[in-house]
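Asker: Task: produce atomic coordinates for the following.
(one chain, ligands or ions: 1)
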Amino acid sequence: MLSKKLQNELNAQINLEFFSEYSYLSMTAYFESINLDGFSNFFRVQASEEHFHAMKIFDFINTIGGKVNLETINKPVVEFDSILNVFETALAQENRVSESINHLMDTAIQENNHAVISFLKWYVDEQVEEIDLFTNLIAKLKLINNDGNGILLMNSELAKRKAAPEITNTSSE
Ligand code: FEO
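Answerer: Coordinates of the predicted model:
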């Protein structure tokens with residue numbers, strides 16, 4: 001059972017997750033355009049994770065008897081100054097998502113909705129991991145300081161990233 005307020009906030013979260021997918025696809029396109037296929041692969045996988053995050057909420061709203069309402073997805077940033085600028089934009093996006101998840105959790109707690117609280121815990125943990133991931137990659141990029149060999153090494157590492165099994169096995173579960 002969902003209140004109108006929680007339903008609206010969950011629907012807004014679906015929109016933010018799809019916007020994240022779109023943002024990471026834009027970053028994928030940027031790296032394709034400068035021929036850094038490993039970086040491009042990293043963001044393509046990241047975009048697929050965001051799709052999974054959105055669809056997980058989509059399915060949850062339906063399971064709990066609510067109604068999904070899809071809204072317009074905003075245009076993402078499409079121009080980047082540097083590799084570091086891409087990752088800083090990504091970290092800012094993840095911080096925004098974390099704030100939104102925390103706000104949703106606050107609402108679920110205020111309404112004493114245990115099903116939603118339990119559902120959102122997965123997202124709270126996921127956000128900790130995502131912010132840690134981007135923070136570490138930014139630290140690495142700052143150490144590399146635009147050195148060509150360092151960038152190529154990182155490109156090879158990021159080429160190995162694969163989507164998590166739960167994402168490749170099914171669209172949302
Ligand atoms: Fe679904 Fe990266 O937040």
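Asker: show me the residues around residue 50 that make contact.
Answerer: 17, 18, 20, 21, 24 (Cβ atoms under 8 Å, 6 or more residues apart in numbering). To be clear about C-beta, it is placed using only N, CA and C from the backbone, and glycine gets the same treatment.
Asker: And stretch 63-72, what's buried?
Answerer: 64, 66 (16 or more other Cβ atoms under 10 Å).
Asker: which SS class is residue 71?
Answerer: coil (DSSP: H, G, I helix; E, B strand; the rest coil).
Asker: Need the nearest residue in space to it, chain neighbours excluded.
Answerer: Spatial nearest neighbour of residue 71, excluding adjacent residues (Cβ to Cβ, 6 or more residues apart in numbering): residue 15 at 5.0 Å.
Asker: Low-confidence stretches in this protein?
Answerer: Applying pLDDT under 70 to the chain flags the ranges 170-173.
Asker: distance from the centroid: which residue in it tops it?
Answerer: Ranked by distance from the centre of the chain (Cα atoms, centre = their mean), the top residue is residue 149, with 28.7 Å.
Asker: Now the most centrally placed residue in the chain: which helix or strand?
Answerer: Centroid-nearest residue in the chain: residue 50, 4.3 Å away (criterion: Cα atoms, centre = their mean). Residue 50 belongs to helix 37-63 when assigned by DSSP states H and E.
Asker: Name the next helix or strand downstream of that helix, please.
Answerer: Counting by DSSP H and E, what follows helix 37-63 is helix 83-110.
Asker: tell me the angle the helix holding residue 50 makes with helix 83-110.
Answerer: Orientation check (axes from the mean of the first three to the mean of the last three Cα atoms, to 10 degrees): helix 37-63 against helix 83-110 gives 20 degrees.
Asker: List the buried residues of helix 37-63.
Answerer: Neighbour counts over helix 37-63 (16+ other Cβ under 10 Å) mark 38-58, 60-61 as buried.
Asker: picking that back up, in terms of helices and strands, where is the residue nearest to residue 71?
Answerer: Using DSSP H and E, residue 15 maps to helix 4-33.
Asker: who in the chain is up against the ligand?
Answerer: Taking Cβ under 6 Å from any ligand atom as the criterion, the neighbours of the ligand within the chain are 17, 20, 50, 53, 94, 97, 130.
Asker: who touches the last one in this structure?
Answerer: Residue 130 sits next to 94, 97 when contact means Cβ under 8 Å, 6+ apart.
Asker: rerun at 10 Å
Answerer: By Cβ atoms under 10 Å, 6 or more residues apart in numbering, residue 130 lies in contact with 20, 46, 49, 50, 53, 90, 91, 93, 94, 95, 97, 98.
Asker: Could you do the fourth one as well?
Answerer: Under the criterion of Cβ under 10 Å, 6+ apart, the neighbours of residue 53 are 13-14, 16-18, 20-21, 97, 101, 122-123, 126-127, 130, 167, 172.
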